[in-house]
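In: turn this into a structure:
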Amino acid sequence: MSFDFDAAVTAPFRMQPGLRRLAAGALQLTPAGPGSRHQREKLAVLSAFAEEALQAAPGFDPRPALGVLAQQAANEHPRHFRWDGHAAESLGVRVCESQVQRLASGSFGLGDEVSRCLLGLPEDWRLAGLLSLAFEEDFAIVDASGASDNRPATLPWLAVALPSHWAPREKCGQPFIAAHAPVADNMLLMQAANHLMRLVTGQGRWERFVWNVTSHPRLHALPAHVDPGRWQGRFDPAQAWWRTERQTFIPLPGRRQAVFTIGVQVRPLQGALTPAQAAQLQAAVATMSDAVLAYRSLGEVRGPLLHWLQQQAGIHAHETPGAASAGA
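Out: You can find the predicted model right below:
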């Protein structure tokens, strides 16, 4: 899961689609190692409050998209995930037509965490659950099959255990662009909505990147489980986190649908940036509108955040001549 800093962090900051075509051979899925941070957090969410992460519009059939996703997983990572068109195997567990069979003990905890989690899910969510636990990415389905100028593409199905401060329940069935673009400064996104959906549900493969500075250290940021106080009025770099997403689209041939993948990473802000990147991020935040700052919960800490970023760029640039301009 790679985040392209230079492509994502630009100044002046603008809300824009930021789509680019995937390079030939680029992977779209990242295996989650046994007991890895992504897997542990997803297990916690899907075991304790799966109903908040797993959402489907009434009457929508996700099976074609899940089959394409499972085949993509098997093609990219055949040693990690197997799919024969009916049954999936990964993490020592086999899921076939909602039936869960434990094939081997896991390599962390009691060894049965994955199978117990899947058995606790509704039967029609178990394949999605295995895919979610086997890979770092979350998944949603973009449906443009009935889209037109007056009817946008929607998100009728989501398996999102690690959302970035949004609730899957509130996005399910909503237009894709409206669900993933802030009401603040989103004119470029809204104007390009129909064209974007034709692209991502067509034959090509696309990716985009999202980022934020946050006070929340966990990968999952379901609003019901995040401290509403957030920054509590002050910026502490030791309690600030660099949250990034790589998003990609896996199209379904001939269906005007795509699987939307969301790969989240969270790192301590301190030590996450080179001097040049600190300068680049400082320029981006400095050019955000008040509306965007408020949407990203950065308005109350904008001043001290900019000052800290300027220090990171300036101090290190002085210590390492030329570093401030390198890679900018």
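In: how deep is Q257 tucked in, by neighbour count?
Out: Residues within reach of Q257, counting by other Cβ atoms under 10 Å, total 25. In short, each C-beta sits where N, CA and C put it, glycine included.
In: correction: W211
Out: 18.
In: that one and W241 touch, don't they?
Out: No - W211 is beyond contact range of W241, at 11.1 Å (criterion: Cβ atoms under 8 Å).
In: shared neighbours of these two, anything?
Out: Here W211 and W241 have no joint contacts, going by Cβ atoms under 8 Å, 6 or more residues apart in numbering.
In: which stretches of this structure form strands?
Out: Assigned by DSSP state E, the strands in the chain fall at 20-21, 54-56, 82-83, 87-90, 93-96, 99-102, 138-143, 154-159, 206-214, 241-252, 257-268.
In: ok, which of those comes nearest H165?
Out: strand 206-214 (7.7 Å; Cβ to Cβ).
In: which residue packs closest to P34, ignoring adjacent ones?
Out: Of all residues not flanking P34 in the chain, S107 sits nearest, at 4.3 Å (Cβ to Cβ, 6 or more residues apart in numbering).
In: let me fix that, I meant to ask about L103.
Out: Nearest non-adjacent residue to L103, counting by Cβ to Cβ, 6+ apart: G92, 5.2 Å away.
In: next: A88.
Out: Nearest-residue entry for A88: V95, 5.0 Å, with adjacent residues in sequence omitted and distances by Cβ to Cβ, 6+ apart.
In: what sits against that neighbour?
Out: A87, A88, E89, Q101, L118, R126, L127, G129, L130.
In: and if you look at G92?
Out: Contacts of G92 (Cβ under 8 Å, 6+ apart): R102, L103, A104, S105, G106, G111, V114, S115.
In: mind checking how far it is from A32?
Out: Separation of G92 from A32 (Cβ to Cβ, to the nearest Å): 13 Å.
In: now swap in L281 and tell me
Out: The spacing between L281 and A32, counted by Cβ to Cβ, is 28 Å.
In: and the closest residue to V226 other than its chain neighbours, how many neighbours does it have?
Out: Counting by Cβ to Cβ, 6+ apart, H216 is the residue found nearest to V226 once chain neighbours are left out, at 5.7 Å. Neighbours of H216 under the rule other Cβ under 10 Å: 20.
In: just checking, H216 touches L162?
Out: No - judged on Cβ under 8 Å, H216 makes no contact with L162 at a distance of 11.4 Å.
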